[in-house]
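A.B. asks: please work out how this folds:
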Amino acid sequence: MTPPIPAKDCADMHTLRQQIDAIDVTLVRLLADRADYIDRAVELKTLNGWPANIPARVEDVVAKVRSTAKETGLDAALVESLWRQLITWSIAREAQTIREN
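C.D. replies: Numbers count the residues shown, from 1 in each chain. Presented below is the predicted three-dimensional model:
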């Protein structure tokens, strides 16, 4: 990926859309990386006899992403909503594997 052009420096919609598309690719790759860590969490939770859903951890993750959103000027409610969906998917993915073991 080429270095990003700051949004304020995008002179036209074509350039702006290219930058958005590049960011989307990066976001998807980061989500794939996160899924790899979730898969490792399954292994460790299985070894420790832990459940897929650990509510205190869920709330800790949500609090951290809300804080980061606020620090960056992003809507914290939006970020919380996105992360809760991501966490729900992750827990379901973990639970399916943990039940099979």
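
A.B. asks: only C-alpha atoms from now on, for both contacts and neighbour counts.
C.D. replies: OK.

A.B. asks: what's the longest helix in this structure?
C.D. replies: The residue-count maximum for a helix in the chain (DSSP state H) belongs to helix 13-48.

A.B. asks: can you give me the buried ones in it?
C.D. replies: 16, 19, 35, 38, 39, 42, 43, 46 (16 or more other Cα atoms under 10 Å).

A.B. asks: in the protein, which residue is most central in space?
C.D. replies: residue 31 (5.4 Å; Cα atoms, centre = their mean).

A.B. asks: which pLDDT value goes with residue 2?
C.D. replies: Among the per-residue scores, residue 2 holds a pLDDT of 60.

A.B. asks: please read the previous query as pertaining to residue 21.
C.D. replies: Per-residue confidence for residue 21 comes out at a pLDDT of 94.

A.B. asks: same check on residue 100?
C.D. replies: The pLDDT attached to residue 100 in the predicted structure is 59.

A.B. asks: follow-up on the earlier one: just how off-centre is the longest helix of the chain within its chain?
C.D. replies: Taking Cα atoms, centre = their mean, to the nearest Å, the mean C-alpha location of helix 13-48 is offset from the chain mean by 6 Å.

A.B. asks: so where's the protein uncertain?
C.D. replies: Filtered on pLDDT under 70, the chain yields the residue ranges 1-3, 100-101.

A.B. asks: still on that earlier bit, tell me the first helix or strand C-terminal of the longest helix of the chain.
C.D. replies: The element immediately downstream of helix 13-48 (helix or strand, assigned by DSSP states H and E) is helix 55-72.
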